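> Sequence and predicted structure are below.
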Amino acid sequence: MESGVQTADLEVGAVVDGTVQRITPYGAFLQLSDGRVGLVHISEIDRNYVKDVREHLRERDVVQAKVIAIKEDGKIDLSIKALQDPQPRIDRRRGQDPEFEQKLRRFLRASDERQVDSRRATEHKRK
């Protein structure tokens with residue numbers, strides 16, 4: 001690996017092309033065009049849970065990744081999932097998920113009906 005001077009050329013947020021050089025149980029090492037190597041951790045491969053890196057990447061695959069960190073020792077952390085479409089879950093936190101809202105309305109309606117039935121049954125027993 002080269003000195004930290006060249007690492008300055010590469011900045012966090014940059015999108016780079018890399019060739020999968022080596023796959024490990026915890027991620028994949030990508031060789032970048034300038035010869036340096038960066039790691040895509042298993043948690044940064046896909047938005048969905050990744051059980052096995054080899055289900056998503058193969059050696060010699062050329063992929064795009066985003067630089068998410070450059071450590072003081074020159075190690076480069078990369079993310080493939082950062083370039084994927086944003087998760088719909090982001091909208092859900094803002095109450096923008098119509099499917100969830102529909103399910104919630106159905107649940108509340110059913111819950112209200114059960115409470116009414118329960119109150120009627122309880123009042124009937126008191127008389």
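Noted; the coordinates are in hand.
> where do the strands sit along the protein?
15-24, 27-32, 37-41, 62-70, 76-79 (DSSP state E).
> So what are the sheet partners of the second one and their directions?
Here strand 27-32 is paired, per DSSP bridges, with strand 15-24 (antiparallel), strand 37-41 (antiparallel).
> These: which one's closest to Pro98?
Nearest of the strands paired with strand 27-32 to Pro98, taken as CB to CB: strand 15-24 at 32.2 Å. Placement of C-beta: from N, CA and C, glycine included.
> quick check: mean pLDDT across the closest one?
Across strand 15-24, pLDDT averages out at 95.
> How far off centre is that strand?
18 Å (CA atoms, centre = their mean, to the nearest Å).
> Tell me the buried residues in that strand?
For strand 15-24, burial by neighbour count (16 or more other CB atoms under 10 Å) applies to 16, 18, 20, 23.
> Return the set of buried residues in stretch 71-87.
76-81.
> mind checking how far it is from the chain centre?
When C-alpha coordinates are averaged (CA atoms, centre = their mean), stretch 71-87 and its chain have centres 11 Å apart.
> follow-up on the earlier one: nearest to Tyr49, of the strands of the chain?
With CB to CB, the closest approach to Tyr49 among these belongs to strand 37-41: 13.4 Å.
> Phi and psi next, for the most centrally placed residue in the chain.
With the centre of the chain defined as its mean C-alpha position, the nearest residue by CA atoms, centre = their mean is Arg47, 3.2 Å away. In this entry, Arg47 is assigned phi and psi values of phi -60, psi -30 (degrees, to the nearest 10).
> Point out the one among the strands of the chain that comes closest to His56.
Shortest separation from His56 across the strands of the chain is recorded for strand 27-32, at 8.4 Å, computed as CB to CB.
> average pLDDT across the closest one?
Averaging pLDDT along strand 27-32 gives 96.
> What of stretch 117-127?
77.
> Send me that stretch as CSV with only the CA atoms.
Once non-C-alpha atoms are left out, stretch 117-127 reads as follows in CSV (Å, rounded to 0.1, in the frame of the first residue of the first chain):
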residue,chain,number,x,y,z
ASP,A,117,-68.3,-5.8,22.3
SER,A,118,-66.4,-6.2,25.5
ARG,A,119,-68.2,-3.2,27.1
ARG,A,120,-71.6,-4.5,26.0
ALA,A,121,-70.8,-7.9,27.5
THR,A,122,-69.6,-6.4,30.8
GLU,A,123,-72.6,-4.1,31.1
HIS,A,124,-75.0,-6.9,30.3
LYS,A,125,-73.6,-9.0,33.1
ARG,A,126,-74.0,-6.2,35.6
LYS,A,127,-77.8,-5.9,35.0
